[in-house]
Structure formats: C-alpha cells, structure tokens
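# Starting from these lines, generate the structure:
(chains A and B)
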Amino acid sequence: MLNLVFKTGAATNSLIRYIGQLTILWSQTVVLALTPSFKGRRSLIQANRIGPGSFIISALVAFFVGMIIALQMAYQMVQLSAEIYIPKIISVALTRELAPVLTALIVAGRIGAGIAAEIGSMTVTEQVDALKAFAVNPVKYLVVPRFLGLIVMLPVLTMLSDIIGIWGGYIICVYKLHISHEMFWKMVFSALAMKDIITGLVKTIFFGMIIAIVGCHQGLNVHGGAEGVGKATTAAVVRSFILIIMTDCLITFIFYFLLNV
Amino acid sequence: MIEILNLYKAFGTQMVLNNLNLAVRRGETKAVIGRSGVGKSVLLKNIVGLIKPDSGSIKINGVEVTNLNEKAYDKLRMEIGMVFQGGALFDSMNVGENVAFVLDEFMNLDKKTVRDRVADALALVGLKDVQHMMPSQLSGGMKKRVSLARVLCMEPQIILYDEPTSEVDPITAAAINHLIIELRDKLKVTSIVVTHDMNSAYQVADSIAMFYRGQVIADGTPQDIRNSTHPVVQQFIHGQADGPITEDESLIFGHIK
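As a prediction, the model looks like this:
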C-alpha cells in the first residue's frame, strides 16, 4: 500500500515537473518570438516543411472522414427520413471538431516526430551545445521557427481540411443519398456559422503550440544516443496526442459553457 | 587569462571535478591529459558555460563567469571558440554555411565578404572547394578541420579543443597540431587542448596538466611531465595497462586461456 502511495506520488511529481518544463519552454518561446532580431526565413522554411508536406495526407483523411460521417449518419437518419440534415451535421462536426483534431493528430505524427528526431539528433551530436557556445540561444534558433510555422500552418491546413471534408460528405449525400446539389449547399451554409469555423481554428493554434513545444522539449532533452532519439520521437507523438485531446476537451468546455459558442 | 579555483562538479553521486585548480596564461597553449571520464570535456563545458559548476570559481580575463547571466556570458562566448570532439557541424547546412554561421548570425556582412572569409578560414585548415559538401560527406578529420575553420571565423582570443586529433589519421593529426601551434604563434590565441594523444600534447603544449580523479595531479612543461616521478603520470604517459590508475579495475589480462 505504501509502495503504491510512493509510486503515485512519484508519478504525480514527474507529471507536474513535465508540465512545468513545457510551460517554461512555451513562455521562453513566446518571449523570444517577440524579441529582435527576427529571422523570418527560418520560420518560412519550417512553414514550408509543415504545410505543403502535410496537405495531401490531411486532405485525404478529411475527405474520407467526410464520407464516413455521411454514411454513418445515413444509417440512422434514413430510418427517420431525416437524411436532409446530414449536410448540416457533416459541416458542423467537421469544422468545430473533426477537422481541427484530426489535422492536428496527423501533423503531430508527421511533424512532431520529425521535430523531436531532428533536434534530438542535434542534441546527441553536440550541435545544440555548439549553438550555445556560439552565443546563439537554441530556443530562439530551433524552437521559435517551428512554433511559428506550426501556429500559422495548422489553421491553414485545417481550413483546407474543412472544405475537403465537406466535399467528401457531398459525394455521399448527392450521389448515394440523392440529396440535390443545391439542397446540400443550402443546408451546409444554413448550419455553418462563422463561430463554428473560428472556434475550430482557435483550437488549432493551441494544438500547433502543443506539437511544437512537446516535440522540441523531447528533442532538447534527449539522453543516450540513437536509442534516446527513438524514445524521444515516440514520446513526442504520444504526449502530443494526449495533450491535444485533453486541450480539445478543455477548449470545447470553455467555448460551450463559458463563452456560449 | 583563464583561472580556475576550487572547482566542483558532480553528476548525481559521481563527483567529476573535485576541487580542481588550473591556470592558463594569455597566449599559452595548455594541454589537458587524463583518462576518459576524468572530467576534461566537462571542464571545457564549464569554461564556455554549457555546464554550471556546483561550486568554485572560473575567471576569464579577470571576469568571474560562474555567476554571469546568459546575456553577459554570450558576449564573452564571442571571444571563445570551442572545437567539439565530433565536430558538431550543423548537419542541415553545407560546409560553407557552417563556417559562415557566426558571420551570418552576428555580422551584417555582404555575401562576397562572407564567401571570402569562409574560403580564407577553410584555407587555413588546409581545405578548399568543400563549401558545397554536406557534413555527412566529410571524413572525421575533415569534420574536425571544418569545425576549426568555423571557430576561426569568429577570430576568438581563446580556443578550446576537445580531442582535436582523435579519430584522425596521423598525417591529419600532425596538420592539426601544426595549425594549433601556428594559431598560438601568429594570432597569440590562448588554448586549452584536451587530448589523450601524448604526441600531440608534447608537440602543441607550452604546459601540460594531468587530471586524475577530478583534480590536477601534475602541471608543468612537457619536459616536466616527461620527467615526473608521479606513478599515475608515468603510467598514463607511457600507456601502461598495469599501474596505480588501473589497480582497482579488472582488466582483461589472463582471462584468455
């Protein structure tokens, strides 16, 4: 029993320390992002890696998820002769929830892992030490560009996923459920309000921060060579996934209960 | 110029630097020798501020650095170049970009000036036409030389070398030794050279300090070290497997029947 208490205490302690370390890294990143000198080229390079590279996969996922929602909804709605409402459900579910979360998870898997691996291998080969020895702040040089790249590109990718996901639903609704083209778009636009799109995009800014900070933190704290880099990469993806889902729940709660949106 | 007094550094329960004292005069090249794990590289990282000591004093040009904030330390770091053991070249950049790193980061120079300074620094270390190669395409010796060229671009007053001749062929090692001597003679650079290579230590050093169990147990000219009667120094400089350094270690002799 005492052992269990000690283990729980140790786990809680390490969780609090981890959250504290992430918070410190986040605050350093924000401060340094706003401190001259500004090297926009590095952020552009990162944005270019994140955006175009992730577009195809996030678009594919959104397209098929749009189709899947339409099919799953049809399974129940047809029985109620309410399939006309499916476009509304697709558009709201995608813009408020599914497109932001799924895009963030894809980017966390693809980019978060890459960030942890790249910075991790720089750490074990003393490149991060070399930056410090050259009076260059590694947070400014390595973390800030990735952070900015992600908080800019994730909303962009999400908007594209919103659109492509709705087109996925369109295929099923129009060609399988025989809802007319005009009716589909009428129902989509009658359901969608700007706040749906905005709340979805606001979430992605937080998700982008999580992916950048978790990936960079794992990379900067690698120990033990290639094995350490592997572990950091896995941890970056797993922890990003968990934090994204937890943050999504928290933000949705705030939007729904506190801001009524 | 570099003065280290009563320096302590432990990692967990392992005491690496244990009341270490060392002084390096302006323009002097000091070789630091000792077995792996005795804290030679840790000392260099303490000097450049990558690791904070647990206690003790490090003075560089008379300035106590152990309590400097990062901004003040960064200013000082511009005068200190460190050549890392594995080169620590930025592997996302080609050789030219690596060597130009400090110029690009801190100096607002036109492209031609940067190109010329990079070519000059590379020529100093005996390399040419390698600017477009990536670090992964370089041999170990070339990486070390590019790393040194990158440091030379900063025109530092102090250079810290972490095993500059390890993993390189004897000819490249001799060239690197020659370069360290030239930098001292022509540019009056103060250097600390961490090495296991006694040939290199004798060749480049004005003085040699031997580390053992986190302390300096001998410090003197190469001749003093050669003539030292200290059994630990004698075992190390002659590379003997048996002796006081290894008395509590179970080495492999006699295990093969």
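
# any chance you could map the helices in chain A?
For chain A, the helices defined by DSSP state H occupy A:2-33, A:40-77, A:86-93, A:99-107, A:113-124, A:127-133, A:138, A:144-175, A:181-191, A:194-220, A:225-253.

# Tell me which of the ones you listed lies nearest to B:Leu148.
Nearest of these to B:Leu148, taken as Cβ to Cβ: helix A:127-133 at 12.6 Å. Quick note: C-beta positions are derived from backbone N, CA and C, even for glycine.

# after that closest one, next one along is what?
helix A:138 (DSSP states H and E).

# what is the rounded mean pLDDT of that next one?
Per-residue pLDDT over helix A:138 has a mean of 96.

# what's the distance between the spatially closest residue to A:Phe206 that is not a sequence neighbour and chain B?
Closest residue to A:Phe206 apart from its sequence neighbours, by Cβ to Cβ, 6 or more residues apart in numbering or on different chains: A:Thr247 at 5.4 Å. Plainly put, A:Thr247 is 30 Å away from chain B if you go by Cβ to the nearest Cβ, to the nearest Å.

# Hmm, A:Thr247 is touching A:Thr204, no?
No - the pair A:Thr247 / A:Thr204 is not scored as a contact, 10.6 Å apart, by Cβ atoms under 8 Å.

# Please say which of the two ends up with more neighbours.
Shown here are A:Thr247 and A:Thr204; by other Cβ atoms under 10 Å in any protein chain shown, A:Thr204 has more neighbours (27 against 17).

# Quick check: the more buried one touching A:Leu102?
No - with contact defined as Cβ under 8 Å, A:Thr204 does not reach A:Leu102; the gap is 10.8 Å.

# so who does residue 157 touch?
I'll assume chain A. Taking Cβ atoms under 8 Å, 6 or more residues apart in numbering or on different chains, we find A:Leu157 in contact with A:50-51, A:54-55, A:58, A:103, A:107, A:204.

# switch to chain B, that's the one I care about
B:61, B:79-80, B:189-190.

# Dump those residues to TSV, plus pLDDT, secondary structure and neighbour count.
Output for those, formatted as TSV (pLDDT from 0 to 100; DSSP: H, G, I helix; E, B strand; the rest coil; neighbours: other Cβ atoms under 10 Å in any protein chain shown):
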residue	pLDDT	secondary structure	neighbour count
B:Asn61	91	coil	14
B:Glu79	92	coil	15
B:Ile80	94	strand	25
B:Val189	92	coil	22
B:Thr190	95	strand	24
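
# Tell me which two in the residues you listed are the farthest apart.
Taking Cβ to Cβ, the two most distant members of the contacts of B:Gln157 are B:Asn61 and B:Val189; they sit 13.5 Å apart.

# Would you mind measuring from the closest residue to B:Pro231 other than its chain neighbours to chain A?
Excluding the flanking residues, the one nearest B:Pro231 by Cβ to Cβ, 6+ apart is B:Pro244, at 4.9 Å. Between B:Pro244 and chain A the distance is 32 Å, computed by Cβ to the nearest Cβ.

# how many neighbours does B:Pro244 have?
With neighbours defined by other Cβ under 10 Å, the count for B:Pro244 comes to 14.

# Would you mind confirming that it is in contact with B:Val233?
No - B:Pro244 is beyond contact range of B:Val233, at 9.8 Å (criterion: Cβ under 8 Å).

# and the gap between B:Asp116 and B:Leu109?
9 Å (Cβ to Cβ, to the nearest Å).

# got a list of what A:Ser27 touches?
So A:Ser27 contacts nothing (Cβ under 8 Å, 6+ apart).

# before we move on, what SS does B:Asn6 have?
The local conformation at B:Asn6, judged by DSSP: H, G, I helix; E, B strand; the rest coil, is strand.

# With adjacent residues omitted, what lies nearest to it?
B:Gly56 (4.5 Å).

# what's the spacing between the one you found and B:Ile80?
Look at B:Gly56 and B:Ile80: by Cβ to Cβ, they are 18 Å apart.

# re the thing from before, then the residue nearest to B:Asn6 would be within a strand, right?
Yes - in this structure, B:Gly56 lies within a strand as judged by three-state DSSP.

# Count the neighbours of it for me.
Using other Cβ under 10 Å: B:Gly56 sits among 17 other residues.

# I figured it was touching B:Leu7, is that so?
Yes - if you go by Cβ under 8 Å, B:Gly56 and B:Leu7 touch, sitting 3.5 Å apart.

# quick one: common contacting residues for these two?
Counting by Cβ under 8 Å, 6+ apart, the residues touching both B:Gly56 and B:Leu7 are B:17, B:19-20.

# Tell me the one among the contacts of B:Gln157 nearest to chain A.
B:Ile80 (7.4 Å; Cβ to the nearest Cβ).

# Next up, the contacts around that closest one.
For B:Ile80, the contacting residues are A:133, B:47-48, B:60, B:156-160, by Cβ under 8 Å, 6+ apart.

# Flag the shaky bits of the chain, pLDDT-wise.
Going with chain A. Regions of chain A meeting the criterion pLDDT under 70 are absent.

# could you do chain B instead?
In the predicted model, chain B carries pLDDT under 70 at residues B:248-257.

# quick one, helices of it?
Using DSSP H, the helices of chain B run over B:40-48, B:70-77, B:95-99, B:101-106, B:111-124, B:140-152, B:170-187, B:198-204, B:222-226, B:231-237.

# Give me the phi and psi angles of whichever residue of the stretch 151-257 of chain B sits closest to chain A.
At 7.5 Å from chain A, B:Met154 is the closest residue in the stretch 151-257 of chain B, using Cβ to the nearest Cβ. Main-chain dihedrals, B:Met154, degrees, to the nearest 10: phi -80, psi -10.
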